[in-house]
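Undergrad: Model the structure of this input:
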Amino acid sequence: MSTADTPSASAGRKRADVRRNEQKLLDAAAAVFVRLGIDAPVREIAAESGLGMGTIYRHFPTRADLVVAVFRHQVDALAAVNAAPTAGTPYEVLRQWVHQFADFLVTKHGLAEALHSDQAGFESLHNEFVERLMPVLDQLLKASAAAGYTRSDVRAYDFMLAIGNLCIGVENFPDYQARRMIDLLLAGLARTAPAATAEEPEQADAGRP
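TA: Okay, the predicted model is just below:
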């Protein structure tokens with residue numbers, strides 16, 4: 001029997017496959033929730049991920065399980081931005097992060113609905129995301145300011161609240177484009193007008209912040 005055929009090697013491959021499938025599911029669910037909200041049919045997530053509905057239910061038996069997992073998955077991605085090399089100027093990195101954060105707010109809003117009466121659980125997750133993401137946003141703002149792109153007197157807390165408030169309009173106005181509003185906010189912070197960037201899809205506008 002070769003090493004590749006041993007039970008431990010087979011188990012290792014199985015665990016790796018399970019992790020890959022779970023990541024695919026979380027990425028797909030996050031994209032679908034942004035477009036359609038957390039009440040999107042499971043079949044939409046299955047189609048987005050290329051996996052069967054049975055696989056989704058094996059990983060996440062309830063919608064609340066899935067929404068919480070997507071929430072944590074998005075927080076992990078946002079928190080890791082400073083740990084990975086990124087392309088672009090500090091201003092562009094800040095802008096990309098803020099747009100990703102706006103997408104995350106869609107799931108955060110849905111999290112309260114998914115957890116229903118578990119107010120303590122929701123508040124715990126809310127506090128976790130604030131504690132983890134506030135320092136990241138602070139670093140991005142300081143890096144952009146140090147490079148001369150944006151003002152240096154902007155508090156991360158104030159800016160995070162402003163982003164959240166700009167996303168609220170999606171609920172009330174069908175043609176509301178949150179990312180454009182966020183770009184106007186960013187432009188207001190700029191010391192000099194940043195170079196124009198390519199139009200990005202309005203992913204954050206399809207859901208509810």
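Undergrad: Buried residues of the least confident helix or strand in the chain by mean pLDDT, list them for me.
TA: Within the chain, no helix or strand scores below helix 7-36, which has a mean of 79 by mean pLDDT, DSSP states H and E. The neighbour-count check on helix 7-36 (16 or more other Cβ atoms under 10 Å) flags 21-22, 25-36 as buried. (Glycine included, C-beta is placed from N, CA and C.)
Undergrad: cool, and stretch 79-99?
TA: Buried, per 16+ other Cβ under 10 Å, within stretch 79-99: Val81, Thr89, Pro90, Tyr91, Glu92, Val93, Leu94, Arg95, Gln96, Trp97, Val98, His99.
Undergrad: so can I have a markdown table of those showing pLDDT and secondary structure?
TA: Shown next, in a markdown table, are the buried residues of stretch 79-99 (pLDDT from 0 to 100; DSSP: H, G, I helix; E, B strand; the rest coil):
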| residue | pLDDT | secondary structure |
| --- | --- | --- |
| Val81 | 77 | helix |
| Thr89 | 90 | coil |
| Pro90 | 92 | helix |
| Tyr91 | 92 | helix |
| Glu92 | 91 | helix |
| Val93 | 92 | helix |
| Leu94 | 93 | helix |
| Arg95 | 92 | helix |
| Gln96 | 91 | helix |
| Trp97 | 93 | helix |
| Val98 | 93 | helix |
| His99 | 90 | helix |
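Undergrad: Which one of those is nearest to Val68?
TA: Closest approach to Val68 among these (Cβ to Cβ): Val81, at 21.5 Å.
Undergrad: Might one say that the closest one is in contact with His99?
TA: No. Counting by Cβ atoms under 8 Å, Val81 stays clear of His99, with 11.9 Å between them.
Undergrad: Now do Arg35 against Gln74, distance only.
TA: For Arg35, the distance to Gln74 equals 15 Å [Cβ to Cβ, to the nearest Å].
Undergrad: Same question for Asp153.
TA: Counting by Cβ to Cβ, the gap from Asp153 to Gln74 is 29 Å.
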